[in-house]
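*Asks:* Compute the structure for the input listed below.
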Amino acid sequence: MVYVPEGEFLSRIGPTDFFKDLQTYAGPDAVQEWRKLLDAILPLSAAAMALPPLSIRGDLGVLSTAGARYAPSLLKSFVQMGPQGALGATKLLRPFSEIIDSLQLKDPFIRNWIDLLSFLLAGVKSDGVLSAEMIYMFSEWYKPGCCLDYPLHGSGAVVDALVRGLTKFNGRLSLRSHVESIIVEDGRAIGVKLRGGEFLRAKKAVVSNASMWDTLNLLPTEVIPKPFQERIQKTPQCESFMHLHLGFDAEGIREDLGIHHIVVNDWDRGVDADQNVVLISVPSVLSPDLAPPGKHVLHAYTPGTEPFKLWEGLDRTSIEYKELKAQRSEVMWKAVERALGPGFDREKCEVKLVGTPLTHQRFLRRNRGTYGPAIKAGEASFPGHSTPVSNLLCCGDSTFPGIGVPAVAASGAIVANSLVSVSQHSQLLDALGI
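*Replies:* Residues are numbered from 1 along each chain as shown. Have a look, this model is predicted:
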């Protein structure tokens, strides 16, 4: 469900149902502009999706795994789009707002809705997100016949599947293994040292998925070129998060409760303003086994909009910290009450956990609890995956293609592909049938 100043509605997948919501909450002009937008960008999705992210690698082998392999399908997509469409495809690496402006879309609800989708996808509004990323998302959400998948037994099942894949091929996942530093000898990363003193030697490479700032802090200062260090230090950061984790009795909660809810309090403040947008997930709605019988679990959060400066330097055991937690979490409590209705009573919650930017900083080892780099398309680009330190590669939200689960997964695949031969990479693509 979506709760916006205009009202509340179920945000449906596919083009036709959303037109009905637009007609109700925004009017005929919005319907006309939305149709105009879909007509312009959905044909571009063929170009945006013609090159699978799994085909990309960080060396010249990409000419084989991506260039030669997918050139025919890419060319075919351009031919199908025609001259005008092919010309439009040149905008894929430009900010999505440029496409919106070129179509002269002016309806406030349409502009706000697009900014919301962009911000939830990549941590920036439409003037900072790559058109290719948004068009890819639109093709997944608004094409006829499309649907969204949900993993059985919750998102943890995805993690379990990844671990099974890792162990199947003789990989080892070490938990409670705090990396203290990356060990560099003769300009080459040779492994990592854990907090307990254990040294783990790298066979092929050291790969860091920590943020660029945290990776920098893991390296010996003397091996870091000054320009590289300065570039990282000057990169702007997204803000942090507030989290609310709840466990409560399902009695009295409506049976048709949806799993996901979005609450926007004020469009005029902007979707990137603090205390303005709250996201809520109740995974036990679809996976009852995630909670005890007759119970629900809920996670609410503000998406990368909580200023770290409000929390910086606070003692987590202090009264001041506890008071600020209560104050800054209130917007999430109110959003939850709005989404769950009168059957929900916060006083009856059996589990109440509030996370802050300091929680993010401590448990996730994130510099200033940040969501990631605030890099806007058209102004700068996300760094690649190599570093000035030989044998040290980076992936995650500080590297191309950027922030968000799809982008981060792609960055990990690019690095993994780069560590195997072109023939092995090609065999994987064959096995996947892409």
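
*Asks:* ranges for the helices of the stretch 251-400 of the chain?
*Replies:* For the stretch 251-400 of the chain, the helices defined by DSSP state H, counting those that start in this stretch cover 319-340, 357-363.

*Asks:* quick one: contacts of the longest one?
*Replies:* With C-beta atoms under 8 Å, 6 or more residues apart in numbering as the contact definition, helix 319-340 has outside contacts at 1, 3, 242, 244, 246, 253-254, 257, 261, 263, 265, 275, 278, 280, 298, 300-302, 306, 310-311, 314-315, 344, 346, 354, 356, 358. The way it works is simple: take the backbone N, C-alpha and C, and place the C-beta from them, glycine included.

*Asks:* Buried ones from these, can you make that a ChimeraX selection?
*Replies:* Remark: buried members of these, expressed as a ChimeraX selection using 16 or more other C-beta atoms under 10 Å:
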select :1,3,242,244,246,253,257,261,263,265,275,278,280,298,300,301,302,306,311,314,344,354,356,358
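
*Asks:* Strands along the protein, start to end?
*Replies:* Under the criterion DSSP state E, the chain carries strands at the ranges 2-4, 7-9, 179-185, 188-194, 199-201, 206-208, 240-249, 260-264, 277-281, 295-306, 351-355, 392-394.

*Asks:* how about the helices of the stretch 251-400 of the chain, which one is nearest residue 369?
*Replies:* Closest to residue 369 of the helices of the stretch 251-400 of the chain is helix 357-363 (C-beta to C-beta; 3.4 Å).

*Asks:* contacting residues around the closest one?
*Replies:* Under the contact criterion C-beta under 8 Å, 6+ apart, helix 357-363 has outside partners 239-243, 306-308, 310-311, 314, 316, 321, 366-370.

*Asks:* Can I have the buried ones of the residues you listed as a PyMOL selection?
*Replies:* Entered in PyMOL, the line below selects the buried ones among these, by 16+ other C-beta under 10 Å:
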select buried, resi 239+240+241+242+243+306+308+311+314+366+367+368+369+370
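
*Asks:* okay if I get the strands of the chain as CSV plus mean pLDDT and distance to residue 329?
*Replies:* Formatted as CSV, these follow (pLDDT from 0 to 100; distance: least, C-beta to C-beta, whole Å):
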stretch, mean pLDDT, distance to residue 329
strand 2-4, 94, 18
strand 7-9, 89, 22
strand 179-185, 97, 31
strand 188-194, 97, 34
strand 199-201, 96, 39
strand 206-208, 97, 32
strand 240-249, 97, 6
strand 260-264, 96, 14
strand 277-281, 97, 10
strand 295-306, 96, 9
strand 351-355, 97, 5
strand 392-394, 97, 33
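
*Asks:* Redo those strands as JSON lines? Include distance to residue 111.
*Replies:* Converted to JSON lines, the strands of the chain look like this (distance: least, C-beta to C-beta, whole Å):
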{"stretch": "strand 2-4", "distance to residue 111": "13"}
{"stretch": "strand 7-9", "distance to residue 111": "18"}
{"stretch": "strand 179-185", "distance to residue 111": "43"}
{"stretch": "strand 188-194", "distance to residue 111": "46"}
{"stretch": "strand 199-201", "distance to residue 111": "50"}
{"stretch": "strand 206-208", "distance to residue 111": "38"}
{"stretch": "strand 240-249", "distance to residue 111": "25"}
{"stretch": "strand 260-264", "distance to residue 111": "13"}
{"stretch": "strand 277-281", "distance to residue 111": "15"}
{"stretch": "strand 295-306", "distance to residue 111": "19"}
{"stretch": "strand 351-355", "distance to residue 111": "32"}
{"stretch": "strand 392-394", "distance to residue 111": "35"}
